[in-house]
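**Q** I would like to see how this sequence folds:
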Amino acid sequence: MYKEPQGCKVGRPLSFSAEAKAVILLEQPRASPGQRGGFIMRLSRRAFLVLAAGTAASGATRAYASENGVRAAGPSAKGVLVDLTQCVGCRKCEAACQTANQLPFPTRSFEDMKVLDTPRRPNADTFTVLNKIAIEGDETPVYVKNQCAHCVDPACVSACLVGAMRKQPDGPVTYDASRCLGCRYCMVACPFQIPAYEYADPLTPRVRKCNFCADKQAKGEVPACVKACPKEALLFGPREELLKVAHARLAGVSGAFRERPKYVPYVYGEHEVGGTSWLYISDTPFESLGFLALPKSAPPRLTESIQHGIFRYMLAPTALFGGLALVRHLFKPEHEIIAEATESSPSSSEQKINHDRTARG
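**A** Reported below is the predicted structural model:
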């Protein structure tokens, strides 16, 4: 008989670097009239651009990858298994989230169940919402909790130019407002359309979303919503173990769970967009519940190297103005170079005066 790992109870965790190449031609021409010697570096425009972009991208991107190179869920990555057959729509997870994240409480009480009659989405002031889905032919509705899925290979992190969005090794996708440029590329990139922007704040707007209670996890605690669930509809623990639990329940293994055993034979989030930290099982087809039909592979990161290489650590303005100055110097017309060299050298009259003064001295 199947037995779930100890520690499955609500409020307790389960125990359980492409380098660019360029050709630089160094020439040492004959000294021009008035030129003091030395060499002029001749660099083709194409070679310069390739070298500059390649150096920036290869160096900076490797640094980024070393800090954020979580492309597959490791054994320490945490997750949450949401069993939709057990959720009763009490909204205690919503209230706990508002409190834990110091978000403003809504005007309508969390005990007002009529709120569930209108579909809602997470926003800048609400990181998780519960929606009631009416199923045709079934008097019992299904309640679906919606929040950031904390993807294993998150598109928002890939799209972020400055590393404000980061994927932590233990699962959370976190946001650092001090790094954010406000470009909102993360909002465009997210396949679940979760990140929200503080449009109402004209001075210091931020991107807002669930952070998987990363601060609590760092202290060995469980996310606030998981702890608040009275029906154990939310199970927190290592993602690998949660998948085992999920598949055991789907298979109807004796003792895997107690009620409504006819699950849809699918774990939503196991493979979607490379996998997510939040996993769902249900006895109702996911398409009937409004779950998005997403590809199994993570969104492409074709522009990630260039973006992170150029923009990280304010490299963009430095590279831009430095590059323009270098281009201006390298491709300066030769008559200007000769003119400057001539101006910097003593004229023949000055040389004669200096010679006469030396002779008299």
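
**Q** Is residue 237 bridged to anything, and to what?
**A** Bridge pairing for residue 237 (DSSP bridges) gives the partners residue 79.

**Q** measure it to residue 244 for me?
**A** The gap separating residue 237 from residue 244 is 10 Å, by Cβ to Cβ, to the nearest Å. Where you see a C-beta, it was placed from the backbone N, CA and C, and this is true even at glycine.

**Q** Next: residue 189.
**A** In this structure, residue 189 and residue 244 are separated by 31 Å, where distance is defined by Cβ to Cβ.

**Q** In the chain, what residue spans correspond to helices?
**A** 45-68, 92-100, 155-159, 185-189, 214-218, 224-228, 239-250, 304-311, 315-330, 334-344, 348-360 (DSSP state H).

**Q** Where does the prediction get shaky in this protein?
**A** Counting by pLDDT under 70, the chain contains low-confidence residues at 1-71, 253-261, 300-361.

**Q** rerun that using 50 as the cut-off
**A** 1-2, 7, 9, 12-70, 302-303, 353 (pLDDT under 50).

**Q** Quickly list the domain ranges of it.
**A** As recorded under automatic domain parsing, the domains making up the chain are 18-68+302-354, 70-301.

**Q** Who are the contact partners of the residue nearest to residue 198 when sequence neighbours are not counted?
**A** The shortest distance from residue 198 to any residue that is not its chain neighbour, by Cβ to Cβ, 6 or more residues apart in numbering, is 4.1 Å, and that residue is residue 205. Counting by Cβ atoms under 8 Å, 6 or more residues apart in numbering, residue 205 touches 182, 197, 198, 199.

**Q** Need phi/psi at residue 205.
**A** According to degrees, to the nearest 10, the main-chain angles of residue 205 amount to phi -70, psi 140.

**Q** Give me the distance between it and residue 104.
**A** Distance of residue 205 to residue 104, computed by Cβ to Cβ: 16 Å.

**Q** quick one, what contacts residue 242?
**A** Counting by Cβ under 8 Å, 6+ apart, the residues that residue 242 touches are 14, 79, 80, 81, 235, 279.

**Q** scratch that, residue 291
**A** Residue 291 sits next to 268, 280 when contact means Cβ under 8 Å, 6+ apart.

**Q** Kindly report the same for residue 292.
**A** By Cβ under 8 Å, 6+ apart, the residues touching residue 292 are 191, 192, 272.

**Q** same thing but at 7 Å, please
**A** If a contact means Cβ atoms under 7 Å, 6 or more residues apart in numbering, then residue 292 has 191, 192 as its contacts.

**Q** same check, this time on residue 146
**A** Counting by Cβ under 7 Å, 6+ apart, residue 146 touches 121, 122, 128, 129, 131.

**Q** Need those in TSV (columns: distance to residue 156 and neighbour count).
**A** Formatted as TSV, the entries for those read as follows, by distance: Cβ to Cβ, whole Å; neighbours: other Cβ atoms under 10 Å:
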residue	distance to residue 156	neighbour count
121	16	11
122	14	21
128	17	21
129	19	20
131	22	20
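
**Q** Just give the number of residues close to the closest residue in space to residue 228 that isn't next to it in sequence.
**A** Nearest non-adjacent residue to residue 228, counting by Cβ to Cβ, 6+ apart: residue 96, 3.6 Å away. The local packing count at residue 96 equals 20, with neighbours defined by other Cβ atoms under 10 Å.

**Q** wait, doesn't residue 96 sit right on residue 224?
**A** Yes. Distance between residue 96 and residue 224: 4.2 Å, which falls inside the contact criterion (Cβ atoms under 7 Å).

**Q** Stretch 110-118: end-to-end distance?
**A** Taking Cα to Cα, to the nearest Å, the first and last residues of stretch 110-118 lie 14 Å apart.

**Q** Flag every buried residue along that stretch.
**A** 110, 115, 116 (16 or more other Cβ atoms under 10 Å).

**Q** Any idea how many residues pack against the residue nearest to residue 294 when sequence neighbours are not counted?
**A** By the measure of Cβ to Cβ, 6+ apart, the closest residue to residue 294 outside its immediate chain neighbours is residue 272, 4.6 Å from it. Around residue 272 sit 25 other residues, with neighbours defined as other Cβ under 10 Å.

**Q** if I look at residue 80, how far off is residue 73?
**A** Distance of residue 80 to residue 73, computed by Cβ to Cβ: 13 Å.

**Q** quick one, which of these two is more surrounded?
**A** Neighbour tally, residue 80 and residue 73, criterion other Cβ under 10 Å: the higher count belongs to residue 80, 28 against 23.

**Q** Once you drop chain neighbours, what's closest to residue 106?
**A** Nearest one to residue 106, counting by Cβ to Cβ, 6+ apart, is residue 126 at 7.4 Å.

**Q** The one you found bridge partners, please.
**A** Listed beta-bridge partners, residue 126: residue 123 (assigned using DSSP bridges).

**Q** Run a quick neighbour tally on it.
**A** Residue 126: 21 surrounding residues under other Cβ under 10 Å.
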